[in-house]
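[1] Kindly return the folded structure for what I paste below:
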Amino acid sequence: MFGIPGKQAVTITPKAAEQIVRLMKIGSHAGLRIGVKKGGCAGMEYTMDYVDESDSNDEVVEQDGARVMIAPMAQMFLFGTEIDYEVSLLESGFKFRNPNVVDACGCGESIKFDETLATER
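    Sure thing, here's the model as predicted:
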């Protein structure tokens, strides 16, 4: 696992936890797996998938009844991230406040990480 012993890899705001719990109940899922993949104009994109069980290599974060599994390849990129859920007049969705992001595209769907993170593994 990547990170500091005793410190959660990500934090989940109360609004995000409420939404994750709601999604877990709708499909009777064990939680959400968060990852990153190559794509978008800035180079990387976040992924979120329903999961019925965690993988042994996942970092599991539980907060206020919400369960988030962080895929192994994403752990170094997501450490220190706050996950929030925002609702506005035009859109609603999860927002990632990630200190490891060095650039993002204009729409906010694609991000770029410090290239040294990939070499620290």
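[2] tell me which residues form a beta bridge with residue 92?
    residue 87 (DSSP bridges).
[3] what does residue 45 give?
    With DSSP bridges as the rule, residue 45 is bridged to residue 37.
[4] you'd agree it is up against residue 34?
    No. If you go by Cβ atoms under 8 Å, residue 45 and residue 34 don't touch, sitting 11.5 Å apart. Where C-beta positions appear, they are placed from N, C-alpha and C, glycine not excepted.
[5] Lowest-scoring secondary structure element of the chain by mean pLDDT?
    helix 116-119 (a mean of 56; mean pLDDT, DSSP states H and E).
[6] returning to what we had before: residue 45 and residue 34: which has the busier surroundings?
    Each of residue 45 and residue 34 has its neighbours counted (other Cβ atoms under 10 Å); residue 34 has more, 25 against 16.
[7] Quick check: buried residues in whichever strand or helix holds the more buried one?
    According to DSSP states H and E, residue 34 maps onto strand 31-38. For strand 31-38, burial by neighbour count (16 or more other Cβ atoms under 10 Å) applies to 31-36.
[8] Can you list the helices and strands that it packs against?
    Secondary-structure packing of strand 31-38 (3 or more Cβ pairs under 8 Å, 6 or more residues apart in numbering; DSSP states H and E): helix 14-27, strand 44-51, strand 66-70, helix 75-78.
[9] could the ones you listed be laid out in JSON lines, adding mean pLDDT and distance to residue 96?
    Output for these, formatted as JSON lines (pLDDT from 0 to 100; distance: least, Cβ to Cβ, whole Å):
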{"stretch": "helix 14-27", "mean pLDDT": "94", "distance to residue 96": "10"}
{"stretch": "strand 44-51", "mean pLDDT": "88", "distance to residue 96": "6"}
{"stretch": "strand 66-70", "mean pLDDT": "95", "distance to residue 96": "11"}
{"stretch": "helix 75-78", "mean pLDDT": "88", "distance to residue 96": "8"}
